[in-house]
Every structure is written in structure tokens, then in C-alpha cells.
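# with the sequence up front, the predicted model follows.
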Amino acid sequence: MAGQPTISRFFKKAVKAELTHKQEQEVAVGNGAGSESICLDTDEEDNLSSVASTTVTNDSFPLKDSVSSKNSKNSEKTSGTSTTFNDIDFAKKLDRIMKRRSDENVEAEDDEEEGEEDFVKKKARKSPTAKLTPLDKQVKDLKMHHRDKVLVIRVGYKYKCFAEDAVTVSRILHIKLVPGKLTIDESNPQDCNHRQFAYCSFPDVRLNVHLERLVHHNLKVAVVEQAETSAIKKHDPGASKSSVFERKISNVFTKATFGVNSTFVLRGKRILGDTNSIWALSRDVHQGKVAKYSLISVNLNNGEVVYDEFEEPNLADEKLQIRIKYLQPIEVLINTDDLPLHVAKFFKDTSCPLIHKQEYDLEDHVVQAIKVMNEKIQLSPSLIRLVSKLYSHMVEYNNEQVMLIPSIYSPFASKIHMLLDPNSLQSLDIFTHDGGKGSLFWLLDHTRTSFGFRMLREWILKPLIDVHQIEERLDAIECITSEINNSIFFESLNQMLNHTPDLLRTLNRIMYGTTSRKEVYFYLKQITSFVDHFKMHQSYLSEHFKSSDGRIGKQSPLLFRLFSELNELLSTTQLPHFLTMINVSAVMEKNSDKQVMDFFNLNNYDCSEGIIKIQRESESVRSQLKEELAEIRKYLKRPYLNFRDEVDYLIEVKNSQIKDLPDDWIKVNNTKMVSRFTTPRTQKLTQKLEYYKDLLIRESELQYKEFLNKITAEYTELRKITLNLAQYDCILSLAATSCNVNYVRPTFVNGQQAIIAKNARNPIIESLDVHYVPNDIMMSPENGKINIITGPNMGGKSSYIRQVALLTIMAQIGSFVPAEEIRLSIFENVLTRIGAHDDIINGDSTFKVEMLDILHILKNCNKRSLLLLDEVGRGTGTHDGIAISYALIKYFSELSDCPLILFTTHFPMLGEIKSPLIRNYHMDYVEEQKTGEDWMSVIFLYKLKKGLTYNSYGMNVAKLARLDKDIINRAFSISEELRKESINEDALKLFSSLKRILKSDNITATDKLAKLLSLDIH
């Protein structure tokens, strides 16, 4: 047999070193004059023009080489020389090859390749002024057009970053940087010493991990993929004839777009970018005093666009900070020239990059689409300009469609809900940073779905101020609590929600075209299961939902609307039909190519012509292979012979028979017993089959995008389905909380502001398995609008006032609350000043932060506010603290529309302020004198009592903190001396006043008596 030597299939895939056509690696395989060499050439794009024949066995690992020449008439049909490596030599060789395979897979390009470290040394000897390799030229062209991005470029089995990108990426990922030119434009003076660009690389299987790390550093990362295969490049006349693969940017990622644009599986309720948004912001200053902001915020994961316009003083940023807290921007598009330094600094401190975005002229059809959309939502001209700016920005990420859907636009502020400011969110423990125990959200969250989880978060952030909507939620909780145990419909639906994926996020990913096939299948399957569930229970729905006179309709108008709309939407959706177009077995296929090619059930898919045509061409090639096999069987006289596999279509022949084979058969590999061959015709047919496979993958990808577009056509209806299910999930969650022991439905009253509760409890502390002492709440015009609360340290003052605020928020969310009875008014905001901390970043002391919080409260409170003021004045001297607290209470007590205020203090003299709005309370306790202690120990009763207390019992807290007893005794002695001095000073002042009045000669005795009676002798 004669034929050109070729490398085994095993080594074709294993050997990925960077060699040129003219460089060959020679390995001695002979033991004397008869030695041959194995030529390992990795030019995959030229289809291995020069290759070697090898043999691998599993027992002793011998490597044999058989070479035959067509021109030699005297040679045998088989190769004449065979040599076996010993185990150690072969193991070293194999280890080196496999290591290169795992490190690199790079195409050979125009006689130049990047190399491993040893090849870099060889190349360094050449002239550094030589031309760039074709790959480097391609990289340079890409980078010059995308200087704002970090390019991650696929090269074989690896992703590479070049030049300045490589420097950045290697530093963040802590991977090796291969020396070379450090700048893409070769502007670095040291670049002339190198022939190629510096680069770093990592395996393709690590792409998702490294991408997430890169975008966390606020980098914009573009993934560059190969846009053609070697088979298409060789057989397709329209393919480029360049020696390098065509490469294009497939995806662009930032921190805001990573979660929704990645094709990787992201599980759990919390993912990167889940609650983050991209902003377009403008700022105009009128007459140098008032700044007007216009804002468009888009959250890609939720598919929500929020718009807002607001004004505040030029040097203030209070309202802006509230919106940042709520919407959590990751990127802000703004004309940075319009932004003052203090606002720019604030964004910088929150690690939010400011992007100066040029305004581009949009295409006419886009301008018209924005105009049509605005007819439904009526945005101002300044907001429309921001919509256009965001649209042009989103084009880069393929997410621009979201800007043209009017149903997803909503205002930031609304007349139906309040906004909890950042201080209240933090001081009331509404959320915790790690999502763990001890927050109101943790207490209320019993959601079953990710989209329900996010909606509940919005409900808690924005409690309702529309009493009608609150009552509807409370009615729904009562209804679902009574129905859930008596209805198979609800019981089954609740079980389905437990296993429901994130439908809203998947729907948005379908619209963006970034979702995986498996994700689409499970989405369609889940929606279809809801469709089937509603069909199965039509009789129940007809009886209780289709008429407002049904049981559900009477008990809960909210549930009636939700399920009536769900029933209608699910009965009209085409998604069950789309599900029949999918081949389920292909979805579960681990082989990604098979999953792509066989995804559609061609019997049901309505656009299958292109796929079927290519499949027929492939079948024609397979038929020719069968014909070739029949000819081979005849020649070898083996009627039951089959190809070794259906990838390379090899013929397996015993080594004793290979001398009778035709000269043009090509030996691929062999073992001790058999050798494997391919015929010239088989080789051509397998290459053609590979070409049709690549065409089929390309066509299947195109059809998949069309399939996603069909689903996206129902986007508005499918989003309504998901949001209705999310509302139901939130109601279930609140119902689960409301089933707790001794939770009651709140009653809302009209008229002046009031909170009247009997045996109310702090919901968070109680949920932590701590025995909590209940307390009454009495706040109204008749019972006092300002409660001044004194008492010992750690006596429960702060817990009590937090309890009042938490019960108010829970009630206005629409939840039952922990109390025996509660009646309250609707509050428009809850404002707090609790705790003590400084702001080092802005250079503000503890006391200044406290005063800024007080200023915020004074500017934003009204008669329908609830204020929590905890130990105001603690951050300064005693006299200043008393003065500020006194002035503050006097200010509120003299207001005609005074809000409800809970004021805790350790200044008992504040309780002496006279006003019909003020009531004094203290947290009860019992004193106890212990042996060896000069001070009184305290037993906390945690019960609210009327009246003041004049001692804070700080020594008791010092004892609880385990300070040394001698230190505490000495502190008590000093405290007593200071107290006596204070008493003596007050007595002297009183004596001086008495003396002055009595010695006055110019007033009558009656006037003297009146003045004496007016003296404060307490």
C-alpha cells in the first residue's frame, strides 16, 4: 500500500502546538540507521497536508510508525520500518502533547503563529520589525474599532486577550502574561523589541467565570467568536479566502447586562444585575438655584423602564440619592459637563461609572416607533431624548427592543404608594445586606418564585397609601387562607409555583435572543402546564371566577381580577403549540451540536424547509458512503464489514491482511492486531458530510432566532401572565405570615392621624424566638401626638418605637400584624433618626450626620407622617443636646398639623414641656441593691408606663458589659457628686429668684405672690 503519511485521529485532536508550515518537530523513533520521524503539523485550516501514521495501545504504550512511498515499486504493501518507544519516552511525549492541547489550540496563519514560551524565544531572534501575523492584524483591526471594550477572542480551544487588554485581564484574573507588544497601536517605546502582541489566555470552559470577574471591575467586555468553520471555509464558494477565520463580536457584557445577556445557567433568586439598572440622566439648572433632573432607568432582567422628573436645590442631592438607593444604577449615561462635582463624586463613591454618551441620529423607523410608543405613555420631550439615548446605547448589547414596549414603562413616584427613605430602610431593618435573618423582608418572604420574590421586595419598598388597594390585599389574604385547604385548584397551583423557573427573566432573555434551548423548552413547558391546569379546572373557575357574584368574586375582587385575566390569557396563548415544535430528546442531548441540529420536531415546525433540504443533502452523502462500504465489502470479501464509527468512517483490517490493500488507501492508526484505513472517496465524502453539518448548524441557528421571535410576538401577554402569577405569589407569602399566632387584620380609620393598638409586638424580634413583652400604642389627638419616652439603657425604648413603625409599614403593605387589635390612619411617609454613626467619606462627624437627618425630616414631614426620633442630641455636649431636643419638641408641639412623633431621650427635663399634644412615658423596671455594689442594679420589665424616669442606669449596662467592679463603683461615685452639684446649682438659682422677687419694691404683694407661684421649683 502507498499513501501519504497521516497523523492518528487521537493526535489530531491532542496536538495543538503553534508551528508554522515550514517548521517541523522531529522525534527520533528508530534505534539505528532505520529510524524515521513523525512530522506533527497543526495547520488545521489546510486539513493536515503533511501527517504521520501512528499506533497507540493501552498495555505497553508502544508507538509505531509505518511509512510507505508511492514511487517505490520494490517496497512492500506495508511500511518497512517499525520502532517502539519505551514507556518512559512515550509518556513524556504524550504528556507534552496533551499539555499543549490543554493550553492552546491556534490556527496556523500565513507562515506565522504565536507560540508557547519556548517558541517565543526562537521568534525573538528574528527581526522585531517583521510584519504582524494575520491573526495579530485581525486582532489589531478589531481593537482599533472597539477601543472602549476589552476584547476576549476565541482562538481554538482558548480565549485570548492581546496588548493592553491582556495587561488588564492578567492582573484581574491573576494569569500569566506572555511578553510582547503592550499597546495595540504600538505606541509603547518597548513595543519595537517584540514581533507579536503580548497576550494572556484561558480555556474556553472558564469563560463564564472569568467574564463575571471582569465585569465586576466595571469593564465592558466583548466576546469575539469565529464566524466560520474550516469545512465551510474550504467548500463554500462564498466564504472568505483569507488564511484566518473570520471573527466577529458575538456579545458585549457589562455589570448591568451580564446576567440577562449571558448564555450560562444562573440559578437562585439573586443574580448579578438582578436589581441593577442602566440610567440616562439629564440635569438643567434654572437661575443658578434649582436643578431639574430627568431620568430614565431600565432594568434588563425585569424588563422594567422607570421614568421620573424632579427638582431640588442646586447644591443638594437628597432626592437623587433616594432614587439611587431604589433603582441601584450600575451605569449612568449623562453629559458630564452638566454634573456638579459633589454629584459626580457621589456616583464615583458608589462605584457607578458615568458614561458620556453622544446623541446619535436614529433611523426613521426607530424614531417613528418611539413616537407611537409615547402616544400611550405621554413622556415629556426631555424624557423622550433620554429614551432615544438609551435606545442607541442598548443597540450595542442587542437589548434595544425593551425601550419600545409602552406597557413596561412606569413612573418612579406615585399617588398610591409611599417611598421609604434610605434612613428608614436601614434603621428599621427593612432589608439586610446579606439577605439573612433579622429583617422585615426576611419575615414576610415566603415566595415560591423569583419573580414573586422581586415583586414582594417592591411592595415592601413602596407601601400603599391608597386604602382601597390595601383593603383589597387584606381581602385576598383572608380569601386565600380560607380557600387554600378546600380547593384542589389552589393547592395544585401552589405546588406548581414551587417548581417554576424565573419566567420573567427568561421571557426577557427570549426577547433579547440570548436564552439557551433548554431554557426555552422549560419556559414553554411551564406555561403549557399552567394552560393545562386552568383547562382542567374550568368548572371551578366558571363557578367562582367568571362571575363577580361567585364566591371568590365576592370575597376578593383582587383575586377575581387576577385569575379572570390569567384564564383569558392562558386560553389564547400559542405557546402550547410552540412546545410541540420542539424535539424533547434533543433538548436533553449533552452534545451541543446535536442539540442545535435536532432541536426542532420537523413534523410540527412550520419553517422546516431549509433544515430538511440540508438534511437530505447529508443523507445523500451518507447513502454514497453506504455504497462505498458495499464496494469495500466486495473487495475485502467481508459481507458484514462496517465502518469503525460514523465520524471518521474508518475501515478496520487485521494487520496480517494489510499487504493486499490498494496503494491509495490511507492508514490512520493501528493497534497490535488491527490497522484502520480510509479510502480516498470515503475521505472526500466525510469532508463533504462535515460541510453539510456546519451548514445545518448555521441554518438551525437562524431558525432558532425566528422561533424566539414568534414567542416574543406575545411578549405583552406573557408578561401579564407572569406579573399576575407574581402578585398571587406575593399574596400567598403575606398569607403565610398572617397565619402566625396572634396576627390580626388592621383596621384603617379616617380623620386625623392615629395609631391605637392593644398588646402589639415587634414582628422581627418576636420571629427570632425571643420572648417579647407586648405593649399598647396610644397615639392620637386625644391621647397625644408626641410621645416622649424615657427609661434605663437597654430598657426597650428603641425596640418599642421601631415596633410602631414596622406595624404601620406591614399594615400598609397589606399584611396582618402582630397585635390583639390595631386601628390606624394611612401615613404618607415614615421618617427616622435612629442610631449614631459618622460619614468618614464625606467628612461628616456623628453629630453633623444627626443634624442632617433632622433637616431631612423637617423638610419632608407633614401632618400624615410618622416620625421616630431616638436620643436626639447624643452626639454633642449635654447642654447643647438638651437645647436642640427642647427646641425640636417645642417646634413640633406648636404646629397646627403636627405629625405623630415618638421621641426617646435620656434628658428627663424634656418631659417638663407643657403641651396638650405631649404625653410622657417610660419603660418600666425594678431596682435592686446587690452586696458589694454601690449602684442600683435594674431588672428590665420592658413594659411601657406613663410618666418620666430620671435615671438612665448606665452603671447597670456597664455591669452587663462585664466592666471591672472597681471601675463601676468609682464611676458611680463621680456620677453622684456631679448630680449633687447640679442639684445645688439649681437650688442656688431658685434661691436667687426668690430673693429678687421678695426684695422688689415696685410691685404689689399680689404680683409678688403670682411670680412666686410661677416659679418652677421641681
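Received, thanks.

# how many residues are close by the spatially closest residue to Phe245 that is not a sequence neighbour?
In space, and not counting its chain neighbours, Phe245 is closest to Gln226: 4.5 Å by Cβ to Cβ, 6 or more residues apart in numbering. (Glycine included, C-beta is placed from N, CA and C.) For Gln226, the count of nearby residues is 18 (other Cβ atoms under 10 Å).

# show me how far stretch 790-805 is from its chain's centre.
Its chain's C-alpha centre and that of stretch 790-805 lie 37 Å apart, by Cα atoms, centre = their mean, to the nearest Å.

# before we move on, what about stretch 741-754?
Distance of stretch 741-754 from the chain centroid (Cα atoms, centre = their mean) equals 37 Å.

# same question, stretch 922-938
That offset, for stretch 922-938, works out to 52 Å (Cα atoms, centre = their mean).

# ok, stretch 183-192 next?
Using Cα atoms, centre = their mean, the offset of stretch 183-192 from its chain centre is 38 Å.

# ends of that stretch, how far apart?
This stretch, stretch 183-192, spans 11 Å end to end (Cα to Cα, to the nearest Å).

# can you list the buried residues in stretch 581-588?
Met581, Ile582, Asn583, Ala586, Val587 (16 or more other Cβ atoms under 10 Å).

# quick check, nearest of these to Arg802?
Of all the buried residues of stretch 581-588, Val587 has the smallest distance to Arg802: 50.7 Å, by Cβ to Cβ.

# which ones are touching the closest one?
Counting by Cβ atoms under 8 Å, 6 or more residues apart in numbering, Val587 touches Arg517, Lys518, Tyr521, Gln595, Phe599.

# show me what the helix or strand where the fourth one lies is packed up against.
Okay, so that is Gln595. Here Gln595, judged by DSSP states H and E, is contained in helix 592-597. In terms of contacts (3 or more Cβ pairs under 8 Å, 6 or more residues apart in numbering; DSSP states H and E), helix 592-597 is packed against helix 517-536, helix 584-587, helix 680-712.

# so which of the ones you listed gets nearest Leu386?
The nearest among the helices and strands packed on helix 592-597, by Cβ to Cβ, is helix 680-712 at 24.4 Å.

# if we can go back for a sec, for Asn398, find the nearest of the helices and strands packed on helix 592-597.
Comparison of the helices and strands packed on helix 592-597 against Asn398 by Cβ to Cβ identifies helix 680-712 as nearest, at 11.0 Å.

# show me what that closest one is packed up against.
By 3+ Cβ pairs under 8 Å, 6+ apart, helix 680-712 packs against helix 230-235, helix 503-512, helix 517-536, helix 575-579, helix 592-597, helix 609-636.

# mind doing that once more with 10 Å?
Judged by 3 or more Cβ pairs under 10 Å, 6 or more residues apart in numbering; DSSP states H and E, helix 680-712 is in contact with helix 230-235, helix 503-512, helix 517-536, helix 575-579, helix 592-597, helix 609-636, strand 666-670, strand 674-678.

# buried ones in it?
Residues 682-683, 685-686, 688-700, 703-704, 707-708, 710-712 are the ones in helix 680-712 that count as buried (16+ other Cβ under 10 Å).

# one more: stretch 143-161?
Neighbour counts over stretch 143-161 (16+ other Cβ under 10 Å) mark 143, 146, 149-161 as buried.

# check stretch 185-205 too.
Buried, per 16+ other Cβ under 10 Å, within stretch 185-205: Glu186, Asn188, Asp191, His194, Arg195, Gln196, Phe197, Ala198, Tyr199, Cys200, Ser201, Phe202.

# I'd like the distance from stretch 432-445 to the chain centre, please.
Worked out by Cα atoms, centre = their mean, stretch 432-445 lies 18 Å from the chain centre.

# quick one: buried residues of it?
In stretch 432-445, counting by 16+ other Cβ under 10 Å, buried: Ser439, Leu440, Phe441, Trp442, Leu443, Leu444, Asp445.

# now the fourth one: how far from His393?
As for Trp442, its distance to His393 is 36 Å (criterion: Cβ to Cβ, to the nearest Å).

# with Asp966 instead?
68 Å.

# and those two? Which one has more around it.
Each of Asp966 and His393 has its neighbours counted (other Cβ under 10 Å); His393 has more, 20 against 8.
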